[in-house]
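Engineer: pasting a predicted model and its sequence here:
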Amino acid sequence: MLQEIVGTLVGRWYVTTFGITFVVLASRHLGWRRTGIYTAVAIVVGVVAENGSVSFGIPYTRYAFNDALRGNELFVGNVPLMVTLSYTFMSYFAFATARVIASGLWRLRSPIPLLEYVLGVALAVWGIWVVDPISRLGAHFFLGELFRYDGPGFWFGLPLGSQLGFALTSAILVGFLTYLMRDESDGVVEQPLRHPHLPAIGGYLGQVVFMASTAFFVARTSSNPAVIQTADALCGSAFLIFVPMGILTAVHWRTLAVTRHGEPVPPFPARVGADGS
């Protein structure tokens, strides 16, 4: 048991790192009670969804984890514990990042709550579009062989059903966070760089950059042409997804320009008439 605990916490150190980051940020944002409730729900959703897929192909289609991992790390049913733990921080980072993107750096909330929710689900799914296919290359770096799908898939071997399934679980978890924080009030942020939700963007992008960097490393250390081609394409996909998103976010924030006191101001000077008025 001790070896399995060490293998989970130390062997999967990157999950532990993101998990600690989640606890720190979520406890400040949600409070300890809500963080505990959400964590329990996220783990249960992860356990049910992952085991349901492994056993019945629902909701992610059928796949299997490397059984050789047993004895080296903790399992919950037929799924490594660290996989289910990742549901906590992946959905929270997407949720909090969506709130700051939608609201801008000068306010705490968007006037359109539905926009925050939809964007949170989209961010969670976009993240997994990078994380999951790169994880399939685990045998070529420190992650090790983690899982395999039975059939071919449109996105680097991942079936469309797996992406639709993750959209469903993301909708559930981001929706639950939205419910938990339904009473979170709006307010003016005097110093944008100290926006309370800004660190969540770092956590969210940290996952993507970490995995994209891993793919970049694999592409330059592998001797297998097929692996090199896949890893390079995966690294590029991260840029194709998130660089445009960053540009759109910057444009959106520009339109939300505010004064120091939080009053909206036009993003461009008002037009002056021919008579000077």
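Structural biologist: Nice, I can see it. Please read all numbers here as calculations on a predicted model, not as lab measurements.
Engineer: list the buried ones in stretch 178-198?
Structural biologist: Residues 178, 180-181, 189, 195, 197 are the ones in stretch 178-198 that count as buried (16 or more other Cβ atoms under 10 Å). The C-beta positions use only the backbone N, C-alpha and C, and glycine is treated the same way.
Engineer: then stretch 44-54?
Structural biologist: By neighbour count with 16+ other Cβ under 10 Å, stretch 44-54 contains the buried residues 45-47, 49-50, 52-54.
Engineer: what average pLDDT does that stretch get?
Structural biologist: Averaging pLDDT along stretch 44-54 yields 95.
Engineer: what residues of stretch 59-71 count as buried?
Structural biologist: By neighbour count on 16+ other Cβ under 10 Å, the buried set for stretch 59-71 is 59-63, 65, 69.
Engineer: now do it: distance to the chain's middle.
Structural biologist: On the basis of Cα atoms, centre = their mean, to the nearest Å, the separation between the geometric centre of stretch 59-71 and that of its chain is 21 Å.
Engineer: now do that stretch: distance from first to last residue.
Structural biologist: Stretch 59-71 stretches 27 Å from its first residue to its last (Cα to Cα, to the nearest Å).
Engineer: what of stretch 53-65?
Structural biologist: 11 Å.
Engineer: got phi/psi on the closest residue to residue 162 other than its chain neighbours?
Structural biologist: Of all residues not flanking residue 162 in the chain, residue 60 sits nearest, at 4.4 Å (Cβ to Cβ, 6 or more residues apart in numbering). Main-chain dihedrals, residue 60, degrees, to the nearest 10: phi -100, psi 10.
Engineer: list the residues that contact residue 44.
Structural biologist: Counting by Cβ atoms under 8 Å, 6 or more residues apart in numbering, residue 44 makes contact with nothing.
Engineer: any idea which element it lies in?
Structural biologist: helix 32-56 (DSSP states H and E).
Engineer: residue 24 and residue 202, how far apart?
Structural biologist: 12 Å (Cβ to Cβ, to the nearest Å).
Engineer: so what secondary structure elements neighbour the following helix or strand past the helix holding residue 44?
Structural biologist: The first helix or strand that comes after helix 32-56 along the chain, using DSSP H and E, is strand 63-65. If you count contacts as 3 or more Cβ pairs under 8 Å, 6 or more residues apart in numbering; DSSP states H and E, strand 63-65 packs onto helix 32-56, strand 147-149.
Engineer: wait, residue 120 touches residue 174, no?
Structural biologist: Yes - counting by Cβ atoms under 8 Å, residue 174 is a contact partner of residue 120 at 4.2 Å.
Engineer: my guess is residue 119 contacts residue 95, does it?
Structural biologist: No - if you go by Cβ under 8 Å, residue 119 and residue 95 don't touch, sitting 9.4 Å apart.
Engineer: ok, the two, which is more surrounded?
Structural biologist: Each of residue 119 and residue 95 has its neighbours counted (other Cβ atoms under 10 Å); residue 95 has more, 32 against 20.
Engineer: list the contacts of that one.
Structural biologist: 120, 124, 173-174, 177-178, 200.
Engineer: which of those fall in strands?
Structural biologist: Among the contacts of residue 95, none falls in strands (DSSP state E).
Engineer: please spell out the ChimeraX selection for the buried subset of those residues.
Structural biologist: Here is the ChimeraX selection string for the buried members of these, based on 16+ other Cβ under 10 Å:
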select :120,124,173,174,177,178,200
